[in-house]
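Visitor: what's the 3D shape of this:
(2 chains)
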Amino acid sequence: MTDMRQLYQEVILDHNRKPRNFGTIADANRRADGHNPLCGDHIKLSMKVLDEKIDGIAFEGDGCAICNASASMMTSAVKGKAVQEAETLVEEFRNMVTGSLNPDTQSNHLGKLKVFSGVKDLPSRVKCAILPWHTLHAALNAEASVSTEGDADPIIDSDMVSGHA
Amino acid sequence: MTAEAINIEAIRADFPILDLQVSGKPLVYLDNAASSQLPQQVIDRIVRYQTHEHSNIHRAVHYLSELATKEYESARIKVQNFINAKESREIIFTRGTTEAINLVMHGYGRTFIGKGDEIILSALEHHANIVPWQMLAEEKGVVLRVIPMNDAGELLIDEFEALFNEKTKFLALSHVSNALGTVNPVKQMTAYAHRFGVPVLLDGAQAAPHKSIDMQDLDCDFYAFSGHKMCGPTGIGVLYGKAKLLEKMQPYQGGGDMILSVSFEKTTYNVIPSKFEAGTPPIMAAIGLGAAIDYLSAIGLAKIEVYEKELLDYATEQVSALKGIRIIGTAAEKAAALSFEISGVHPHDVGTILNADGIAIRTGHHCAQPLMQRLGVPATARASFAFYNTQAEIDKFVAGICKVQEMFI
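Guide: Below you'll find the model as predicted:
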């Protein structure tokens, strides 16, 4: 990728500047921390899940623009969705940024999240985009304290996400 | 200093990788502190060795083994001369700086440093000069003491001196900080440690490529550096140690070449340096390092230092003139590294956007997380220079920073 505007589109820069759903859910019943030790990206996710539906979601953190925008857009995308729908998005997003799903030719539910498709050309940044999604997955599966999704993406350390209910 | 200017065009022509196009732009390689590039002379030497001279060393009586042994040992003498060590047996080939420091931790630390003893490190250290000592601390109950620094990235010498007491058994210190470029006053600090009979290890990974280093002048007890940061290949590094210390140390690894005789009852270790070079060493890489030393010496470290200082001063001046940029590490004495942050932009975004213009910099914690914590930043962006870089490249780098700022406004 030589044109950085394809990656750093206005929507990404905007979510980085003004992250949506930034903060914590006071009465959250799902929480997880995601950490990318290589670049220092760090996000804390809190959610309220009621009847298998994401009733509320918020994040706090300190990361690069790709990570911040990914977290912000993720929270907007999954808020109000069923847990199963959110898990489908986790999988589709991961497949898109690792290059195994082409959002323009294969069916998916990604919508606006397609702006992250350019990340697949930047292997060192895939982990920045994917971190919030791994953290979401860990929070939704809080019985597992550590994400085991590492095998799906060789760049991701399996220990980078820890979840707790 | 009145070194003549170096011939930059001729030097750049020696480095084939500098002709590379990245993202359709000429490569601007400013990640030399992570790893430097190889001149054709070193590449040719490696190819010649593998094509015409290779065999195992110190083994057989045949032609190739004798030739490879001679070339390998000749590389050791080149290293000896390069750092002005008293004797060639004080030069031990390792895989790199990290292995050299681990060798000292195992060979010296585990024998001579024990429960309640103290090791002094600095706030500027790379993980390679922290983690081995933490491992020793955990194993033996040793206490680590840390020399603090000021906001410019300079060690506080008064506080350093105040750390010494009768329990102090070792000082492990970087010569030049990889993250900030600070040049520590290591000669003065070594002399102070010696007043307490404390041996000193200097991590010279970021010094050896940029400064003339002299073991007899510094008088340190151990000095570690890597070939791949000074125009040599990866997989080779050097541990210099004073012979009297190396002789009383335990071997680091057991195996072939490090023994005089082996029976199942008793093994007698070889003399130094062989005692510390178990198994077949990286012969090709050692000979490549010898060629890199020849190359650097032909230019002259004094000239390299002057030229790189000009590059750093120019880059510092250009970057300082920009708004919204903070240079991290403003020590009075610096080697060729410029760490910085752009207000409101994470270093990884800076690195990705510069890469689109062919500009290679390092972003992240630089394997110095305690230092990042001290500085209160998660990461920095770092441009690091070599004698083959130019002011025109720094101009491109500065233009790249402006582009980042425009994008993020």
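
Visitor: who's in contact with residue B:349?
Guide: Contact partners of residue B:349, counting by C-beta atoms under 8 Å, 6 or more residues apart in numbering or on different chains, are A:8, A:64-66, B:404, B:408. (Each C-beta comes from the backbone N, C-alpha and C, glycine too.)

Visitor: switch to 10 Å and redo it
Guide: A:4, A:7-8, A:12-13, A:16, A:63-68, A:125, A:128, B:342, B:363, B:381, B:404, B:407-408 (C-beta atoms under 10 Å, 6 or more residues apart in numbering or on different chains).

Visitor: again, but for residue A:48
Guide: By C-beta under 10 Å, 6+ apart, residue A:48 lies in contact with A:25-30, A:54-58.

Visitor: what does the stretch 251-400 of chain B have sitting close to chain A?
Guide: For the stretch 251-400 of chain B, the contact set with chain A under C-beta under 10 Å from any C-beta of the partner chain comprises B:344-358, B:363-365, B:369, B:372, B:377-379.

Visitor: and if we set it to 7 Å?
Guide: Residues of the stretch 251-400 of chain B lying close to chain A (C-beta under 7 Å from any C-beta of the partner chain) are B:346, B:348-349, B:352-353, B:356, B:364-365, B:378-379.

Visitor: return the item of those having minimum pLDDT.
Guide: pLDDT across those is lowest for residue B:378, at 81.

Visitor: where does that one sit: helix, strand or coil?
Guide: What DSSP: H, G, I helix; E, B strand; the rest coil gives for residue B:378 is coil.

Visitor: also the one 3 residues further on?
Guide: Taking three-state DSSP as the rule, one finds residue B:381 in the strand state.

Visitor: who's in contact with the nearest residue to it once chain neighbours are set aside?
Guide: Using C-beta to C-beta, 6 or more residues apart in numbering or on different chains and skipping residues adjacent in sequence, the residue nearest residue B:381 is residue B:347, 4.1 Å away. Shown in contact with residue B:347 (C-beta atoms under 7 Å, 6 or more residues apart in numbering or on different chains): B:341, B:363-364, B:379-381.

Visitor: need the pLDDT of residue B:347.
Guide: pLDDT, read off for residue B:347, is 93.

Visitor: before we move on, what about residue B:172?
Guide: Residue B:172 is assigned 98 on the pLDDT scale.

Visitor: can you put the contacts of residue B:347 in a markdown table and add neighbour count?
Guide: Formatted as a markdown table, the contacts of residue B:347 follow (neighbours: other C-beta atoms under 10 Å in any protein chain shown):
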| residue | neighbour count |
| --- | --- |
| B:341 | 20 |
| B:363 | 23 |
| B:364 | 23 |
| B:379 | 24 |
| B:380 | 26 |
| B:381 | 25 |
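
Visitor: and residue 10, backbone torsions?
Guide: Let's take chain A. Here is the backbone geometry of residue A:10 (degrees, to the nearest 10): phi -60, psi -40.

Visitor: could you do the one 5 residues further on as well?
Guide: Taking degrees, to the nearest 10, you get phi -70, psi -30 for the backbone angles of residue A:15.

Visitor: near the nearest residue to residue B:256 once chain neighbours are set aside, how many other residues are there?
Guide: Spatially, and ignoring its direct neighbours in sequence, residue B:256 is nearest to residue B:279 (5.7 Å; C-beta to C-beta, 6+ apart). Other residues near residue B:279 number 10, with proximity taken as other C-beta atoms under 10 Å in any protein chain shown.

Visitor: please apply the same query to residue B:32.
Guide: Residues lying near residue B:32 (other C-beta under 10 Å) number 26.
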